[in-house]
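*Asks:* Just the structure for this:
(2 chains)
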Amino acid sequence: MMKSIILKNYLNSYKYIENPKKIEETVAECRRITEERAVLNRKRSNYLEFLSEVFRMNGLMILLGQMATLVMICLFIQFINDYPRLIPVCIPLFILVALPALFEAEISKMSEIELATRNSCAQLLLARLVIIGASDIICFTLLLIVELYCFHTGQGILNLILYVFVPYMACVTMILRLIRSGRRRLRNSAGTAVLTSIIFGMVALVIPGLYKASSVGIWLICFIIFGSFFIREMGYLISLAKEGKTYGFVD
Amino acid sequence: MVLSIDRLTKTFGSKIAVDHLNTEMQPGVYGLLGANGAGKTTLMRMICGILEPTSGEVLLDGQNIFEMGADYRDLLGYLPQAFGYYPNYSATDYLYYIAALKGIPKISAKAKIKKLLKIVGLLDVSNKKIRTYSGGMKQRLGIAQALLNDPAILILDEPTAGLDPKERVRFRNLLSSLAEDRIVLLSTHIVSDVESIADWVFVMKQGRIIAQGCIRDLVEDVQGHVFEMAVKPSDVGRWETATTVANLRREDNRTILRIISEDMPSDKAVPVPATLEDLYLYHFPTERSE
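*Replies:* Now for the predicted structure:
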């Protein structure tokens, strides 16, 4: 609307049509408005189209990595007596194997190009996290089914769900913070996943009582704490993705 | 369309990469000349919005590019110096992926990708994996991805690196044809690239623009500082140590030196017309452009 007024003002001011500078200015302004319209009228791909393209590029890699981890864990737990204690140790490994897909741009030196495109890095990261998250949900469900129907360890379903989601949310939250603020993101994220796994392994060894059915309250508190950090971090990422802003800069 | 750079500064620790830079760009081809470490890449990254300035801002038609966000990046085509690619993708797959990132629907991307692959001469090998490509082919693919969204602002960091002379000529012609109604900023240390296509040249040194203007005006600044003189072949080393020798050629038993110097280096020296390459060597005496 504003642009049309500017143009009309230009045209109305043509008292001396032979004024070449004025004509040039008008032509330039018309061209600018036309271009602006052309950009505004461009057809855009929707989010599903974008997500499917990201899935085409990263999906198979993520799914295969997660499934391979699931199979290895399922084979490994056959030799462990008190298997539920190992669930929190295994969960960060699912994140660890997804990191090459999450950081594929950095590994292939594509970060600069991806940062400079319309769909921001926040949108791309979110798309990759959606794919990883969907794949994780499938894997975790299978892991819980294996536990419930094959091993009969006597743990309630709530406990098992908490053993999965507490380390998962803790690990993802820390990695998101690292991506947002840090350098050497891949190395630090991998270190975080390994460290989370080690910490939960040590907890399982030092405080075995924490994995009894009666300790569900402590896990619930941890779930609420890590859950709130996780939601806050994801909320920030989603808000940046909506605004089309970048998530971090090049090193 | 006016792209303004307002007191743009970037520091890395105690090192100032870009130092309170001010300039304005309107549609046309702009060359950014400077030695390695002059701050060209840092400047280009900030113009692209992928590197946060320490202070100052980049404005498009008066609007801060960080506030514009996706609307700004929508107008942007960028080829970074270290062009990355996914080695297992074919050129077509790669460009489809970039099209998705640029928000171009698949249906309209198809025709655009085919057209661009033809322009950059990769149509015949478009289904081969990128890892099998030569350096020049990868660079041409990089140029294609930058042009995919028909950008109004095209930022090219060392675009001709790795291209053979024929490809470079083709690229220059392509760029000249694209230049109308766009802001094209290309950084290079290959003076001949800038000389043939840029309307306006920025010379950067230690994070500052030390000279800018159209090539003719810039070259005018070094007129009177370029000399030619004949010396014995055995004296060449001494002159190379004492002065900036832009070029040398053998003629009979003598060597003709092209010397860049503030003052006439010798009574035998004859002033000759300067070129952009001489200007580059005048400002960067330790560098030798390609």
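*Asks:* residues touching residue A:49, list them.
*Replies:* Going by Cβ atoms under 8 Å, 6 or more residues apart in numbering or on different chains, residue A:49 touches B:100, B:105-106. Heads up, the C-betas are built off the backbone N, CA and C, glycines and all.
*Asks:* where does the most centrally placed residue in chain A fall, helix, sheet strand or coil?
*Replies:* Nearest residue to the geometric centre of chain A (Cα atoms, centre = their mean): residue A:129, 3.0 Å. Recorded secondary structure, residue A:129: helix (DSSP: H, G, I helix; E, B strand; the rest coil).
*Asks:* Residue 238: helix or strand, and which one exactly?
*Replies:* Using chain A. Element membership for residue A:238 (DSSP states H and E) is helix A:216-243.
*Asks:* oops, I was thinking of chain B
*Replies:* helix B:236-242.
*Asks:* buried stuff in that helix?
*Replies:* residue B:239 (16 or more other Cβ atoms under 10 Å in any protein chain shown).
*Asks:* who's in contact with it?
*Replies:* With Cβ under 8 Å, 6+ apart as the criterion, helix B:236-242 contacts B:231, B:245, B:248, B:255, B:257, B:259, B:265.
*Asks:* residues in contact with the fourth one?
*Replies:* Applying Cβ under 8 Å, 6+ apart, one finds that residue B:255 lies in contact with B:230-233, B:235-236, B:248-249.
*Asks:* Surely it is within a helix?
*Replies:* No - membership of residue B:255 in a helix is not supported by three-state DSSP, which gives strand.
*Asks:* I'd like the distance between it and residue B:268.
*Replies:* Distance, residue B:255 to residue B:268, by Cβ to Cβ, to the nearest Å: 13 Å.
*Asks:* How is the chain divided into domains?
*Replies:* Reading this off chain A. A:13-38, A:47-243 (automatic domain parsing).
*Asks:* Can you look at chain B instead?
*Replies:* B:3-214, B:226-272.
*Asks:* which one of those domains lies closest to residue A:242?
*Replies:* domain B:3-214 (10.1 Å; Cβ to Cβ).
*Asks:* Among the contacts of helix B:236-242, which lie within strands?
*Replies:* Using DSSP state E, the subset of the contacts of helix B:236-242 located in strands is B:231, B:245, B:248, B:255, B:257, B:259.
*Asks:* Compare these and tell me which is most surrounded.
*Replies:* Counting neighbours by other Cβ atoms under 10 Å in any protein chain shown, residue B:259 comes out on top of those with 26 neighbours.
*Asks:* Wondering if stretch A:130-143 reaches chain B at all.
*Replies:* No - on the criterion Cβ under 8 Å from any Cβ of the partner chain, stretch A:130-143 is out of touch with chain B, staying 13.7 Å away.
*Asks:* Could you give the average pLDDT over that stretch?
*Replies:* For stretch A:130-143, mean pLDDT rounds to 90.
*Asks:* residues contacting the residue nearest to the centre of chain A?
*Replies:* A:102, A:172, A:237.
*Asks:* Now neighbour count and distance to residue B:146 too, for those, in CSV please.
*Replies:* What follows is those, written out as CSV (neighbours: other Cβ atoms under 10 Å in any protein chain shown; distance: Cβ to Cβ, whole Å):
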residue, neighbour count, distance to residue B:146
A:102, 23, 25
A:172, 26, 34
A:237, 19, 27
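*Asks:* quick one: low-confidence ranges for the chain?
*Replies:* You didn't pick a chain, so chain A it is. Counting by pLDDT under 70, chain A contains low-confidence residues at A:1-20, A:23, A:27-28, A:31-42, A:151-155, A:182, A:247-251.
*Asks:* not what I meant, chain B
*Replies:* For chain B (pLDDT under 70), the answer is B:286-290.
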